[in-house]
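Novice: Got a sequence here, can you build the structure:
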Amino acid sequence: LAAVPGLLTRLWHFLSSWRRRELLPRIHVRQFRWQGGYRTSRCRQPRVRRSRVIKSRARKLRGRGAAAQKKQCLKQPLNLPTPVTETFLRTLMKRFASASPASETVRPEACVALAKAVQALLCQSTSVVEGLELPDDVAVTVVGDTHGQFDDVLTILDAAGLPSEKHFIIFNGDVVDRGPKQIQLLALVLALKLYAPHRVCILRGNHETRLMGMFCQLGFRNVCLGAYPNGEEVWQAFVAVFEELPLVCIVNKTIAVMHGGLPAQVQDGLSLRDLQSITKVRRPDEEQSWAAQICSALLWNDSSSVPGFHTSKRGGDAMCFGPDVTESFLQRSGLAMIVRSHDIRRDGFEVEHCGRLVTVFSAPRYCGYINYGAFVRFVSQGAGVPGTRLMAGAAFQFERRASMGRDRIRELSDRVGRFDRGGGCCYPGVELAVG
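Specialist: Model (predicted):
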C-alpha cells in the first residue's frame, strides 16, 4: 500500500509523456490531492500549461484589485473643507456608517491636515483644565468611552444633535483603541472640534497616550500602520493632538468632567485651583514629576465605595478613591458634581458617592461584555439670573445601533427633547440632582 502513490505518480508521468506525443489526444489528466489519490477525467479542450493559468489569474487579480482600489478612492473625501461645514459632517457620517471598517477610510493627507488644524487650536491653552460656560437654556452632552465604535456615536449624535448654539458636546476620552472604526471616529470627533471649536471639548483618556496606542491590544498605532503606507506619519500626527488635549473640563463652575478620577494629592489639600495651575504634561505615563503624577491619576484612577484611597485592580500606580475624597474635593473647590468615565458599567452609567459622582460609559457591547451604552446631558436653567449655576441633568441609555432601529433612535431623541424642555425624562433615563 505504501508504494501505491508512487506507482500512480509514475503512471501520471507516463500518460503525460504520451499526451505530448499526441497518442492520447482527448485524454486530459488532472492531479487531485484527495486522500493521497489521483484521478483522470475526459476533456475535449486542449490542455493549457499551468504557468499560463497562474499568470492569467494573477493578471485578473491585479486588475480587480486596481479597480476596487480606484472605486474606494472615489468614495473617500478628497479634501478637508475650510471651514468644516455641517454638510461635510453629515456626508462623513453617512459614508462611514454604511461602509465596513476596511472598505473606506480617511485619506492619509486629510488625516494629517485634520490633526495639525486641531493641534493649532489646542495649543492656544496650556492648562490641563478647560472651562465651559453655558448660556441660559443651553444643553451639554457628556459622552463617555467610545473606543472606535463609530456607529454608536452616530446614535448619540442622532439623539442629542450636532453641536450648535443650544448644544455643547464633551467627549470624555478613550475615543480610540479596540474598536472597529477607530480612524473614522477620531476623524469625526476632530472635525466636530473644527466645526464648533468653542462648543466641542475633547478630553484626554488613558488610551490617548503614546504607550497605550503602541502596546494595547488592537491599538491605534497598529490600525494606522495597517490602513496607510505612511501610517507612522499619520500616527505621529494624531499623537501630537493627544498630547495637547486637556484633562479636566469645568462646566459653569459647577460640574467637573474628567476621564479617570481624583489623585491621591487630594488628601494633602489639592483643589481645583491647584489643577488649574498645572501646565500640560505631554507624556504623563513616562515622567515622574509631581505634575505628571497628578495627570496620570486623572487618566487612570477609579471610583470606589470604600472610603479613602486604596490600590486599584488595574495595577501599576492606579488608585481607587472613595466618597469621602469626592466630598472633600468638591467642597474645597466649590463644585457640585464629578462626571467621569474609564469604567465599564452594565447599565451604561452609575450614580455613586451619594449622588455626587456619575460614571458614564458610551460603548455598548464593549469587547464582548453585555452592557448598555449611555450619555449624560445637563441643561442650564438660569432663566437670566446673573451668576447662576443651577443645572438639571439626566442619563440616557441606548443599545447597539444595529439592534435599535430608526424608531427606537427617534424615541430616544424625543426623550432628550422632552428633558430639554423641562418635561423630565422617562426610563431608560435617570434624572440627576445638580445645584
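Novice: Spit out the contact partners of residue 328.
Specialist: When contacts are counted by C-beta atoms under 8 Å, 6 or more residues apart in numbering, residue 328 touches residue 266. Quick note: C-beta positions are derived from backbone N, CA and C, even for glycine.
Novice: which element is it on?
Specialist: helix 323-333 (DSSP states H and E).
Novice: Show me the helices in the stretch 51-200 of the chain, by range?
Specialist: Taking DSSP state H, counting those that start in this stretch to define them, one finds helices in the stretch 51-200 of the chain at 86-98, 108-122, 150-160, 182-195.
Novice: out of these, nearest to residue 357?
Specialist: helix 150-160 (21.4 Å; C-beta to C-beta).
Novice: by contact count, what packs against that closest one?
Specialist: helix 86-98, strand 139-143, helix 182-195, strand 373-380, strand 391-398, helix 401-420 (3 or more C-beta pairs under 8 Å, 6 or more residues apart in numbering; DSSP states H and E).
Novice: give me the beta-bridge partners of the residue lying closest to residue 156 once chain neighbours are set aside?
Specialist: Spatial nearest neighbour of residue 156, chain neighbours left out: residue 375 (5.3 Å); criterion: C-beta to C-beta, 6 or more residues apart in numbering. In this entry, residue 375 is beta-bridged to residue 143, residue 396, by DSSP bridges.
Novice: Report the rounded mean pLDDT for stretch 166-180.
Specialist: Averaged over stretch 166-180, pLDDT sits at 91.
Novice: Can you give me the buried ones in it?
Specialist: Residues 167-180 are the ones in stretch 166-180 that count as buried (16 or more other C-beta atoms under 10 Å).
Novice: can you check stretch 323-340 too?
Specialist: Using 16+ other C-beta under 10 Å as the test for burial, stretch 323-340 gives 323, 325-326, 328-330, 333, 335-340.
Novice: Any chance of a markdown table for those residues, columns pLDDT and distance to residue 125?
Specialist: Shown next, in a markdown table, are these (pLDDT from 0 to 100; distance: C-beta to C-beta, whole Å):
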| residue | pLDDT | distance to residue 125 |
| --- | --- | --- |
| 323 | 95 | 31 |
| 325 | 94 | 27 |
| 326 | 95 | 26 |
| 328 | 94 | 27 |
| 329 | 94 | 22 |
| 330 | 94 | 24 |
| 333 | 92 | 19 |
| 335 | 92 | 20 |
| 336 | 90 | 24 |
| 337 | 92 | 23 |
| 338 | 94 | 21 |
| 339 | 95 | 20 |
| 340 | 95 | 21 |
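Novice: With respect to residue 285, which of the residues you listed is nearest?
Specialist: residue 340 (18.4 Å).
Novice: For that closest one, give the beta-bridge partners.
Specialist: residue 359.
Novice: pretty sure it is touching residue 353, no?
Specialist: No: taking C-beta atoms under 8 Å as the definition, residue 340 is not a contact partner of residue 353, at 10.5 Å.
Novice: where do the contact lists of these two overlap?
Specialist: Common neighbours of residue 340 and residue 353, counting by C-beta under 8 Å, 6+ apart, are residue 303.
Novice: does residue 208 really touch residue 246, like I thought?
Specialist: No: if you go by C-beta under 8 Å, residue 208 and residue 246 don't touch, sitting 11.2 Å apart.
Novice: These two - which one has more neighbours?
Specialist: Higher neighbour count among residue 208 and residue 246: residue 208, with 25 against 20, using other C-beta atoms under 10 Å.
Novice: Report the inter-axis angle for the helix or strand harbouring residue 236 versus helix 108-122.
Specialist: Secondary structure assignment for residue 236, by DSSP H and E: helix 231-242. Helix 231-242 and helix 108-122 are oriented at 20 degrees to each other (axes from the mean of the first three to the mean of the last three C-alpha atoms, to 10 degrees).
Novice: CA-only coordinates of helix 231-242, as CSV, when you get a sec.
Specialist: Extracted in CSV, the C-alpha atoms of helix 231-242 (Å, rounded to 0.1, in the frame of the first residue of the first chain):
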residue,chain,number,x,y,z
GLY,A,231,0.9,55.0,8.7
GLU,A,232,3.7,56.1,11.0
GLU,A,233,3.3,59.7,9.9
VAL,A,234,-0.4,59.6,10.5
TRP,A,235,0.1,58.0,13.9
GLN,A,236,2.6,60.7,14.9
ALA,A,237,0.3,63.5,13.8
PHE,A,238,-2.6,62.1,15.9
VAL,A,239,-0.2,61.6,18.9
ALA,A,240,0.7,65.3,18.7
VAL,A,241,-3.0,66.1,19.1
PHE,A,242,-3.4,63.7,22.0
